[in-house]
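**Q** kindly return the folded structure for what I paste below:
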Amino acid sequence: MLRNIILSTVACLTLVQCNTLKSDCEAVAEREAQIAQEQPGDYYIGRRYYIPYTRFWGYLREPGQSWRTAKLVIMDEQTCRQPDRGIEPPLSNPVFGTDHNTEYIIRGKYTGKEAYEPNTNQALPVFRLTGYEVKDKEPGFLFVPSEKYTIKTVSIRPQLMPTPEQCAQCR
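**A** Residues are numbered from 1 along each chain as shown. The predicted model follows:
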């Protein structure tokens, strides 16, 4: 009896996982088709990813390239202040991170250096920002629709995107 219950539970979980994966694969494929139509150029697509007490800005990718290739970056503001730069402690009423998940057209270049982000224990590439414009304030999911955002840790990463092999398993 217990064996049948366990087997039934495993079967149900597999079906649910496969349905979620299939749904994610379809959404990612649709998004990838849209991205493939982007105009090439000397700019990046950036997605703000905010977690309190961290110093990274968010993810950047080249136009026409999948979010799978995106890099979590720290912004160098020597030539331009980053989007949503507001009042920071120790001043009263700090304001920042209000643009979480906003998508931007970002101009600038990678410096070739890395900076240490102590709250996540990562060495991240430094990007020198020269300009930006808002592309979409509500662009939807970043890597997969089933991703779970939490402000406690870097919970959303390119590795969440299902591989073509994983998608083929649930067809």
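**Q** which residues touch Lys71?
**A** Counting by C-beta atoms under 8 Å, 6 or more residues apart in numbering, Lys71 touches 59-61, 124-125. (Glycine included, C-beta is placed from N, CA and C.)
**Q** quick check: bridge partners of it?
**A** Leu60 (DSSP bridges).
**Q** and the gap between it and Cys80?
**A** For Lys71, the distance to Cys80 equals 19 Å [C-beta to C-beta, to the nearest Å].
**Q** cool, Thr20 as well?
**A** Taken as C-beta to C-beta, the span from Thr20 to Cys80 is 40 Å.
**Q** Glu62 too?
**A** From Glu62 over to Cys80 (counting by C-beta to C-beta), the distance is 19 Å.
**Q** now do Tyr53
**A** Distance of Tyr53 to Cys80, given as C-beta to C-beta: 24 Å.
**Q** those two - which one has more neighbours?
**A** Higher neighbour count among Tyr53 and Cys80: Cys80, with 17 against 8, using other C-beta atoms under 10 Å.
**Q** surely the more buried one and Thr130 touch.
**A** Yes - at 5.4 Å, Cys80 counts as touching Thr130 under the criterion of C-beta atoms under 8 Å.
**Q** give me the common contacts of the two.
**A** Residues touching both Cys80 and Thr130 by C-beta under 8 Å, 6+ apart: Gly108.
**Q** ok so Leu21 is a strand residue?
**A** No - assignment of Leu21 by DSSP: H, G, I helix; E, B strand; the rest coil gives helix, placing it outside any strand.
**Q** that one and Phe143, how far apart?
**A** On the measure of C-beta to C-beta, Leu21 and Phe143 end up 13 Å apart.
**Q** now do the strands in this structure.
**A** Counting by DSSP state E, one finds strands in the chain at the ranges 44-48, 58-61, 71-76, 103-117, 122-136.
**Q** quick one, the third one and strand 44-48 angle?
**A** Read that as strand 71-76. Following axes from the mean of the first three to the mean of the last three C-alpha atoms, to 10 degrees, one obtains 90 degrees for the angle between strand 71-76 and strand 44-48.
**Q** count of neighbours near Cys25?
**A** Cys25: 21 neighbours (other C-beta under 10 Å).
**Q** ditto for Ile35
**A** That count, for Ile35 with other C-beta under 10 Å as the rule, works out to 15.
**Q** for Arg48, see how far away the residue positioned nearest the centre of the chain is.
**A** Centroid-nearest residue in the chain, with C-alpha atoms, centre = their mean: Leu142, separated by 4.8 Å. From Leu142 over to Arg48 the distance is 10 Å, taken as C-beta to C-beta.
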